[in-house]
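J.: Next input, structure requested:
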Amino acid sequence: MKRLFLLISLLVLSKFSAQTWATEDQYIQKFAQYAVEEMEKYKIPASITLAQGLLETGGGQSRLALEGKNHFGIKCKEDWSGKTMKHTDDAPNECFRVYEDPRQSYEDHSIFLATRKYYTGLFNLDMKDYKAWANGLKKAGYATNPRYASILIGKIERYKLYEFDNTSSKEVLYAVLRMYPDLKDDRSFMARLEPGKMVKRDPVTVSVPYKQTSFAQQEKRVERIKTKAEILNSILIKSHPNDGLKYIVIPEDTNVQFIANKFKVSESRLTKWNELESDVLKKNDIVFLESKNSDGNTATYKVTPGEDMHDIAQKFGIKLHKLYAKNRMDEGQQPSPGQLMYLIDKKPRN
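T.: Take a look at the predicted model:
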């Protein structure tokens, strides 16, 4: 029993040690180095980069950061040829970039700002003026949250991230240690600070009694593959970023009748609300369970290859005929890749 208890304890400890970036402080300790290195290469304030990383990842705990190593919520865009993942942000199932490691994400963030015309004005600002940079990012349209600039400034001032704007990549870890003096007792951090002075530990050997299991017992441990019916019956209603509209994402090919029966909505309403031309629903289709809105939840959207007007209307929860009207397009006409679509009516000039 003692051996079993020791094994369980080690497994639990290893699990918790693997869950890095559990707090914003730990995120800063881990990634300040990357932010300062990028500042030296691209002249982007380290305080801004770190604050954006903190906000976008929720202190490193977001799905994009954990699964895609994407720390800045950068979407695929037309020039991305690397790995991708689907994630709901401004709309369901949006395409986001996937990186090999967080350092690659940090550098891509710098390149993204340095090469996009929307952000060229930022590089005319004082590199130590984090408030101007925060407001400049919001003005340039980096995020749709109206409080984006004030949130960044709040994080910078709360954690004194502006101190990293005045340090070099060779001294950044010492700056972290000044901010978090308790780290002197953290062996892994001190190893980064002074790698030549790392103290080696003797490996711990745990003896576990071997017990042979039959093939039948091993089979029971294999997770059973769900049937198509089970997958369809497990669909959950989601809240769309556009005013919380209720919608679902089809997990397997099915039809309107099945969805209508499952969610107690008439087939005619589902067809009308989603502007469907047939009763066939494909995997990853977005289906609304109520009438869509007349406007999207973001002002504009750039069309990606393969998308049509119906795809865009479903992605942003906007009525199809309203989408045509806002863009002065004839019904049936389709957009071109890279075309800028308007999702909210332009305000008339006075």
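J.: for the protein, which residue is closest to the average position?
T.: Leu64 (3.7 Å; C-alpha atoms, centre = their mean).
J.: Need phi/psi at Tyr247.
T.: phi -150, psi 170 (degrees, to the nearest 10).
J.: Oh, that last question was meant for Lys246, not what I typed.
T.: Per degrees, to the nearest 10, the backbone of Lys246 is at phi -80, psi 130.
J.: Likewise for Asn255?
T.: Taking degrees, to the nearest 10 as the convention, Asn255 sits at phi -140, psi 170.
J.: Just name the shakiest helix or strand of the chain by mean pLDDT.
T.: helix 2-18 (a mean of 42; mean pLDDT, DSSP states H and E).
J.: In whatever helix or strand the residue nearest to the centre of the chain lives in, which residues are buried?
T.: Assigned by DSSP states H and E, Leu64 belongs to helix 63-68. The neighbour-count check on helix 63-68 (16 or more other C-beta atoms under 10 Å) flags 64-65, 68 as buried. (Each C-beta comes from the backbone N, C-alpha and C, glycine too.)
J.: likewise stretch 167-186?
T.: 167, 169, 172-173, 175-177, 179, 183.
J.: Just the closest of those residues to Arg103, please.
T.: Ser169 (12.5 Å; C-beta to C-beta).
J.: What's the first helix or strand after the least confident helix or strand of the chain?
T.: Immediately after helix 2-18, counting by DSSP H and E, sits helix 24-42.
J.: Contacts for the helix holding Leu64 next, please.
T.: 21, 56-58, 60, 70-71, 73, 83, 85, 87, 96-99, 102 (C-beta atoms under 8 Å, 6 or more residues apart in numbering).
J.: which among these gets closest to Tyr34?
T.: Pro102 (7.0 Å).
J.: So what touches the host helix or strand of Cys95?
T.: Assigning secondary structure by DSSP H and E places Cys95 in strand 94-97. Strand 94-97 is contacted by residues 64, 68, 70, 73-76, 80, 82-89, 105, 108, 304, 315 when judged by C-beta under 8 Å, 6+ apart.
J.: ok, for Gly136, nearest residue in space, not its chain neighbours?
T.: Leu122 (4.7 Å; C-beta to C-beta, 6 or more residues apart in numbering).
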